[in-house]
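> Attaching a predicted model along with its sequence, questions to come.
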Amino acid sequence: MTQRALPLRGAHNPSSTRQGTTPGSFANRADVGGPLMFSSPDTPGMPQPSDKTAWDFMPAGWRQEGGRWVAPDGFTPATQLEQARLGVVTPEMKRVAEREGHLTPEQLRDEVAAGRLIIPANRVHLGYQLDAMAIGRATKTKINANLGASPVSSSTDEEVEKMRWSVRWGADTVMDLSTGGDLDACRDAIIRASSVPIGTVPIYSMIIGRKIEDLTEKVIMESLLAQARQGVDYFTIHAGVLREHLPFVQKRLIGIVSRGGSLLAKWMLVHKQQNPMYTHFDEICDIMREYDVSFSLGDGLRPGGLSDATDEAQLAELDALGELTEKAWKKGVQVMVEGPGHVPFDQIEYNMKVQRSVCHGAPFYVLGPLVTDVFPGYDHITSCIGATSAAYHGAAMLCYVTPKEHVGLPKKDDVKQGCIAYKIAAHAADVALGIPGARDWDDDLTKARAALNWEKHFELAFDPDVARAFHDEDLDVDTDFCAMCGHDWCSVRISKEIVEFASGKAEGFERAGVIKSPALTAEQREILEKRGVLPPEEIHRLASKTESAIGVHKGEKASCHSDYVDPEQAQHIQEKKLVQIRARAEAE
């Protein structure tokens, strides 16, 4: 047998108990407390991590005594960052440690103090029902769901329901991007009902009822203060789009695709002045610090097509965002940085690692990126491919993309599809990075699958209703095979029967025996109706079925299963009553 040297670098095995036979993660050794955190190996030529952290950008008046930082007399910490700098472990840090599982409260405190992690938790929102979470590459990868009423679609009630629905399907934060209706009322309703952090793009509300060229410093500050008082946890502020960057956009195929970026570009061209968000950045920091609102420094010049990725405009803005990150830290405000967009697959690693370098490890929050532009209607797929790579190479939070991206306002099912696509991306990256315990869920489902324990299989599935509905569409009995291969060809059943193999024999995952699957739930029925594979009468039968369909009466076992009758009789009943599954020559 060939002896191979595997590219192991000392990363954690993502299985808590080293289940299975895989050697584990090929990622770098964990560096929690250092600049790498959980990270991928560098392709040659990648930018190296910055040697600076938030500790290098302390506010004026702070001093070091005995190896620790001391605030000026009379100082009262207002943000998670300031508490961490003073060595305080906050209740929110303790809660995050409980939720993450692989980090201690002290480690979380140190990551916050270094600027590599944020806990977006406006004190007002904490007074409602916010459950503290964290964003940073030392934690598990997070996903964000966007929602919001438009001038032509949706309402406050619909958006609150979308928020709840997105959290149901795994959103760790939600951004209210409403541009129509009563924005203040919609935002307030979402915040009060939400257990996850809520982000906004405040410039949207700033221009309701006025032209962008009428935007003033007074309007900016009043709008930010009003939203901070409502409890918004993080603001997207497009302060990195500068006048000197605009010439770089002229030859792009699709110009500026960020709403905030395009609005501020127009303001600068009309007034022939610098971006007011940049000019008044210190005052913006003061408002955000008061309520502990975190920055999500917006990428107003992100590429809107592969043709414009990693260009001068994008990278010039990134340099400005690095400068603004330093300024925010000096003001005691937490920061994450937003990123592209539409990026060819080969450029994703560079984009992640250049941000890590320029912004000194501040968490990177990326949209996608989409890796191709020619699949409208399927951009939740084109983008989650890029998102998986982005998270593996350094992104801390992924902004979902729905099937309606580029073509319309997402509806309820679009939100679900976007969330699921991005939970797949985030979870896959966590496993690849070797985050401790990240693969335990996968291993449990694998053990249930190996045991042909369908109930446990569906219980562990991220979306049990879809898994159950798809299974019952072909074979509505939980037997020792599925309709893909049937009894004779089922490799999992055969492996389970081989005494020498551990497969299918894990303690606690044993299958009790054949089970007639329960009637479809309303959700499962809707899934099959939308698919349109089965006729309505068959779906009705599955939703209100009795055991008599396969010759089962009360107290009896289903005879299509080889545990209870001989294989030939089981095969005969399968072929006659359920589904044609046995391979046979056409010539017979």
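All right, it came through fine. Numbering: from 1, shown residues only.
> Look at the spatially most central residue of the chain and tell me its secondary structure.
In the chain, the centroid-proximal residue (CA atoms, centre = their mean) is residue 143; its distance is 2.0 Å. Three-state call for residue 143 (DSSP: H, G, I helix; E, B strand; the rest coil): strand.
> Which residue comes closest to it once chain neighbours are left out?
Closest residue in space to residue 143, ignoring its immediate chain neighbours: residue 422 at 4.2 Å, by CB to CB, 6 or more residues apart in numbering. Yep, even glycine has a C-beta here, placed from its N, CA and C like the rest.
> who are the neighbours in contact with the residue nearest to the centre of the chain?
Shown in contact with residue 143 (CB atoms under 8 Å, 6 or more residues apart in numbering): 170-173, 397-400, 419, 422-423, 425-426.
> cool, residue 325 as well?
Contacts of residue 325 by CB under 8 Å, 6+ apart are 115, 297, 335, 337, 359-360, 362.
> If you rank those residues by neighbours, which is first?
Neighbour counts for the contacts of residue 325 peak at residue 362, which has 32 neighbours (criterion: other CB atoms under 10 Å).
> Can you show me the CA trace of the helix or strand where residue 106 lies as CSV?
Using DSSP states H and E, residue 106 maps to helix 105-114. Only the C-alpha atoms of helix 105-114 are listed here, as CSV (Å, rounded to 0.1, in the frame of the first residue of the first chain):
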residue,chain,number,x,y,z
PRO,A,105,-15.6,33.9,28.0
GLU,A,106,-12.1,35.1,28.5
GLN,A,107,-11.0,34.1,25.0
LEU,A,108,-14.0,36.0,23.6
ARG,A,109,-13.1,39.0,25.7
ASP,A,110,-9.6,39.0,24.3
GLU,A,111,-10.8,38.6,20.7
VAL,A,112,-13.2,41.6,21.2
ALA,A,113,-10.3,43.6,22.7
ALA,A,114,-8.1,42.8,19.7
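> Might you calculate how far stretch 75-82 sits from the centre of the chain?
Relative to its chain's centre, stretch 75-82 lies at 28 Å (CA atoms, centre = their mean, to the nearest Å).
> Kindly report the same for stretch 156-174.
That offset, for stretch 156-174, works out to 14 Å (CA atoms, centre = their mean).
> Give me the buried positions along that stretch.
Within stretch 156-174, the residues that qualify as buried are 156, 158-163, 165-167, 169-174, counting by 16 or more other CB atoms under 10 Å.
> Show the average pLDDT along that stretch.
The predicted model gives stretch 156-174 an average pLDDT of 94.
> Domains in this structure, by residue range?
As recorded under automatic domain parsing, the domains making up the chain are 54-433, 440-578.
> export the ones you listed to JSON lines and tack on distance to residue 29?
Putting those into JSON lines (distance: least, CB to CB, whole Å) gives the following:
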{"stretch": "domain 54-433", "distance to residue 29": "11"}
{"stretch": "domain 440-578", "distance to residue 29": "20"}
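> Out of these, which is the most enclosed?
Comparing the domains of the chain by mean neighbour count (mean count of other CB atoms under 10 Å), domain 54-433 comes out on top with a mean of 21.
> what's the first-to-last distance across that one?
By CA to CA, to the nearest Å, the extent of domain 54-433 from end to end equals 24 Å.
> Okay, and which of the contacts of residue 325 map to strands?
Counting by DSSP state E, the part of the contacts of residue 325 found in strands is 297, 335, 337.
> Contact partners for residue 197?
Contacts of residue 197 (CB under 8 Å, 6+ apart): 120-121, 125, 130, 133, 172-174, 233-234.
> From the residues you listed, pick the one nearest residue 458.
residue 172 (24.4 Å; CB to CB).
> residues contacting residue 224?
Contacts of residue 224 (CB under 8 Å, 6+ apart): 202, 235, 284, 287-288.
> Is it inside a helix or a strand, and which specific one?
Residue 224 belongs to helix 217-230 when assigned by DSSP H and E.
> Now find how far off-centre that helix is within its chain.
Distance, centroid of helix 217-230 to centroid of chain: 29 Å (CA atoms, centre = their mean).
> again with stretch 98-113
The answer for stretch 98-113 is 19 Å, by CA atoms, centre = their mean.
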